[in-house]
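Undergrad: Predicted model follows, preceded by the sequence.
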Amino acid sequence: MFQYGVVDVLFMIVSVILIILVALQSSKQGLSDSLSGGNSELFKNQKERGAEAYIVRATYICSVIFLILGLIIFMK
């Protein structure tokens, strides 16, 4: 019925991982600021540390892998 190749399965796995990583990231802007249009400059230049930095790096890596796999599938 369905015939998935290795690249297709990897694409699906990476897409699910990417969705989870994006959902785990903390927001840079508070909900009240986004609703009221306020501009909070207090934590703007603060760098990520620890687990948050790992999640950001993993998101970048997964997004590049997602892009490459998408291009491979498109070229088939």
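TA: Received, thanks. Bear in mind the structure is a predicted one, so any value in this text is a computation, not a measurement.

Undergrad: any low-confidence regions in the protein?
TA: 1, 28-46 (pLDDT under 70).

Undergrad: Show residues contacting the longest helix that it contains.
TA: The longest helix of the chain (DSSP state H) is helix 51-75. Residues from elsewhere that reach helix 51-75 (CB atoms under 8 Å, 6 or more residues apart in numbering): 7-8, 10-11, 14-15, 17-18, 21-22, 24-26, 47-48. Bear in mind the C-beta positions are built from the backbone N, C-alpha and C, glycine included.

Undergrad: Ok, stretch 11-25 next?
TA: 52, 55, 56, 58, 59, 62, 63, 65, 66, 69, 70, 73.

Undergrad: Now that stretch: buried residues?
TA: By 16 or more other CB atoms under 10 Å, the buried positions in stretch 11-25 come out as 11, 14, 17, 18, 21.

Undergrad: Now the two most distant members of the contacts of stretch 11-25.
TA: The most widely separated members of the contacts of stretch 11-25 are 52 and 73, with 31.3 Å between them, by CB to CB.

Undergrad: one step back: can I get the contacts of stretch 11-25 in JSON lines including neighbour count?
TA: Below are these laid out as JSON lines (neighbours: other CB atoms under 10 Å):
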{"residue": "52", "neighbour count": "13"}
{"residue": "55", "neighbour count": "17"}
{"residue": "56", "neighbour count": "16"}
{"residue": "58", "neighbour count": "16"}
{"residue": "59", "neighbour count": "17"}
{"residue": "62", "neighbour count": "20"}
{"residue": "63", "neighbour count": "14"}
{"residue": "65", "neighbour count": "17"}
{"residue": "66", "neighbour count": "16"}
{"residue": "69", "neighbour count": "18"}
{"residue": "70", "neighbour count": "14"}
{"residue": "73", "neighbour count": "13"}
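
Undergrad: And those residues, which is closest to residue 3?
TA: So of the contacts of stretch 11-25, ranked by how close each gets to residue 3 (CB to CB), first place is residue 73, at 13.5 Å.

Undergrad: what's the spacing between the closest one and residue 57?
TA: According to CB to CB, to the nearest Å, residue 73 and residue 57 sit 25 Å apart.

Undergrad: Where does residue 49 fall, secondary structure wise?
TA: For residue 49, there is no enclosing helix or strand under DSSP states H and E.
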